[in-house]
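Visitor: Need a 3D model of the following:
(chains A and B)
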There are 2 protein chains.
Amino acid sequence: MSYPNSIKNLIECYKKLPGIGEKTAERLALASINLDEEIINLFSKSLSDVKHKIKRCIKCNNLTEEDICKICDNPKRDHSVICVVEEAKNVIVFEKVGSYNGIYHVLDGLISPLNGKTPENINITSLIKRIKDENIKEVIIAVKPSIEGETTALYILKILEGSNVTVSKIAHGIPLGAEMDYIDPLTLEMALEDRKKLYEY
Amino acid sequence: MSYPNSIKNLIECYKKLPGIGEKTAERLALASINLDEEIINLFSKSLSDVKHKIKRCIKCNNLTEEDICKICDNPKRDHSVICVVEEAKNVIVFEKVGSYNGIYHVLDGLISPLNGKTPENINITSLIKRIKDENIKEVIIAVKPSIEGETTALYILKILEGSNVTVSKIAHGIPLGAEMDYIDPLTLEMALEDRKKLYEY
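Guide: Modelled structure (predicted):
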C-alpha cells in the first residue's frame, strides 16, 4: 500500500521543482491537503497562469504578462541607460532598491562554454542591436563577480569598443555589515582595486 | 515594479507551505514557469484533487480516496492486531517495510497539552471504541520516543487496563549502522533497558 493516487501525483510534481527531494515533496504534498480551499484554487490557477500568461518582454527579455514589460513601457524612465543583468529575478532586486531609473536588459545566464552558454545563446546579440537602434548613452553591467560574470562583462566591453557608449560595471567590494575577518581574499582584492580617493593632502 | 500578478500569486501560494520562505517561494515560482505543460496540468489537477478527493478512513483515520482505506478494506490482513501511529505518513513507512500484516490506527498527533493536544482530540476515543467493538487481540504502540510519545503510550496503556488485549510498544534503541560514539545517552539508556537475553549459562 502506498499513498492514494492524487497524493502520489502531487508528490511527483513537487519533486520536479529544483531542490525538492522525495522527503520534502512528501511533506509538501501532505501539507497541501490542509491548505484552505481558496489557496488551493489560487495555487492551481496561478500554476497554469504562469505557464500560459508569462512571456518574455520583446525588448528587454524580462518576465511579463504583456508583450512589452512595465519597465520598458514606462515613458518616465530613462531609456538611454541600460542595466544588464543575468536573469529576470535580478531586475526585482534592483527595483526594490528603487534608486535606479533606467531600463534593463535581461541575459539568459552568463557566458560559460562548459555549460553550453556561448555569447550567441545568452541574448547578447539583441543587446548589441538595442544599443545600436535605440539612443543608448550608458550600459551598466550588473552581473555577479565570478569567472563567468567577468567573461561576460569583458565580452560586452570588447563588442562595444569604438561605439559611442559609456560602459560601466557596478562596484564589487565589502558588503554592508560584513565582518572584515570573514571576507574572502578575492573580495578584499576587488575592494582594494576599486578603492575611491576620499581626499588628497 | 514587481513580478507580474500570476508569479506574485504563485509565490504567495508556495509561501503557505511549511518550511518555504520568501526566497524559496520565489525560486520555486520562477522554476514553475519552466515546467512542462503536462506537469503543470497534473500539478494543478492533483492540488485540487488532494483537497477534494482525499478523506480520512472512517475506521482507522488513514488518508484515503474511498470511505474505507485499502488496508482496512483488505480481508487478507490480520484484523485482530492494530498498530497505533502518530500520523498518516507513518503508515507508509511501515508498509514499505512490508513485514507487518495487521491494520492501523492513525492518531492526530500525540498528547501534548501545551500544544492543545489532549487525549480527547487526537482520536484516542475511536481507538478505544474499535478495540471494544472489533475483536482486537493486540495493540502495538508505534509512536516516536519523546515525552509526548511516552505520555500517549502510557495513556493508552492505562485506558486499556483490565481489557483483554495485549498492549506492546515497538523497541527503541540503537539504529542500524549508527556509530556508538554518537548515540545520545537517553537512546543508550533505552537500549539498555530494552535489552534482550541471548543465552543463559
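Visitor: which residue packs closest to A:I20, ignoring adjacent ones?
Guide: A:Y14 (5.3 Å; CB to CB, 6 or more residues apart in numbering or on different chains). Bear in mind the C-beta positions are built from the backbone N, C-alpha and C, glycine included.
Visitor: Please state the offset of the helix-or-strand element of chain A with minimal mean pLDDT from the chain centre?
Guide: Least confident helix or strand of chain A, by mean pLDDT, DSSP states H and E, is helix A:185-193 with a mean of 83. Averaging C-alpha positions (CA atoms, centre = their mean, to the nearest Å) puts helix A:185-193 24 Å from its chain's average.
Visitor: Give the buried residues for it.
Guide: A:T187, A:A191 (16 or more other CB atoms under 10 Å in any protein chain shown).
Visitor: what about the strands in chain A?
Guide: Secondary structure of chain A (DSSP state E): strands at A:55-56, A:63-64, A:78-85, A:102-106, A:138-141, A:166-169.
Visitor: Figure out which of the ones you listed is closest to A:L160.
Guide: strand A:166-169 (5.5 Å; CB to CB).
Visitor: can you dump the C-alpha coordinates of the closest one into PDB?
Guide: Taking C-alpha atoms only, strand A:166-169 is exported to PDB below (Å, rounded to 0.1, in the frame of the first residue of the first chain):
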ATOM      1  CA  THR A 166      29.800  54.500 -21.800                       C
ATOM      2  CA  VAL A 167      30.100  51.100 -20.400                       C
ATOM      3  CA  SER A 168      30.300  50.800 -16.600                       C
ATOM      4  CA  LYS A 169      30.200  48.000 -14.100                       C
END
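Visitor: centroid residue for chain A?
Guide: A:E87 (2.4 Å; CA atoms, centre = their mean).
Visitor: so who does that one touch?
Guide: Neighbouring residues of A:E87 by CB atoms under 8 Å, 6 or more residues apart in numbering or on different chains: A:V106, A:L107, A:D108, A:G109.
Visitor: Distance of A:E161 relative to A:A142?
Guide: 20 Å (CB to CB, to the nearest Å).
Visitor: neighbour count winner among the two?
Guide: Neighbour count, other CB atoms under 10 Å in any protein chain shown: between A:E161 and A:A142, A:A142 has more, with 21 against 8.
Visitor: Quick one: residues contacting the nearest residue to the more buried one once chain neighbours are set aside.
Guide: Leaving out its chain neighbours, the residue that sits closest to A:A142 by CB to CB, 6+ apart is A:I170, at 4.7 Å. A:I170 makes contact with A:I140, A:I141, A:A142 under the criterion CB under 8 Å, 6+ apart.
Visitor: What of A:D184?
Guide: Contacts of A:D184 (CB under 8 Å, 6+ apart): none.
Visitor: Next one, pLDDT for it please.
Guide: A:D184 is assigned a predicted lDDT (pLDDT) of 85.
Visitor: Tabulate the contacts of A:I170 (a markdown table), appending pLDDT.
Guide: Below are the contacts of A:I170 laid out as a markdown table (pLDDT from 0 to 100):
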| residue | pLDDT |
| --- | --- |
| A:I140 | 92 |
| A:I141 | 91 |
| A:A142 | 91 |
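Visitor: List just the nearest of those residues to A:K96.
Guide: Using CB to CB, the shortest approach to A:K96 within the contacts of A:I170 belongs to A:A142, at 13.7 Å.
Visitor: top helix in chain A by residue count?
Guide: helix A:37-53 (DSSP state H).
Visitor: and it, is it in reach of chain B?
Guide: Yes - using CB under 8 Å from any CB of the partner chain, we find that helix A:37-53 touches chain B at A:37, A:39-51, A:53.
Visitor: Are any of those buried, and if so which?
Guide: Members of these classed as buried by 16+ other CB under 10 Å are A:I39, A:I40, A:L42, A:F43, A:S44, A:K45, A:S46, A:L47, A:S48, A:D49, A:V50, A:K51.
Visitor: Any stretches of chain A with poor pLDDT?
Guide: A:1 (pLDDT under 70).
Visitor: Now do the helices in chain A.
Guide: Using DSSP H, helices in chain A cover A:5-15, A:22-33, A:37-53, A:88-97, A:124-133, A:147-159, A:185-193.
Visitor: Out of those, which one sits most buried?
Guide: helix A:5-15 (a mean of 20; mean count of other CB atoms under 10 Å in any protein chain shown).
Visitor: quick one: contacts of it?
Guide: A:2-3, A:20-22, A:24-26, A:28-30, A:32-33, B:39, B:42-43, B:45-47, B:49-50, B:53-54, B:63, B:65.
Visitor: mind redoing it with 7 Å?
Guide: A:2, A:20, A:22, A:25-26, A:28-29, A:32, B:39, B:42-43, B:46-47, B:49-50, B:53-54, B:63, B:65 (CB atoms under 7 Å, 6 or more residues apart in numbering or on different chains).
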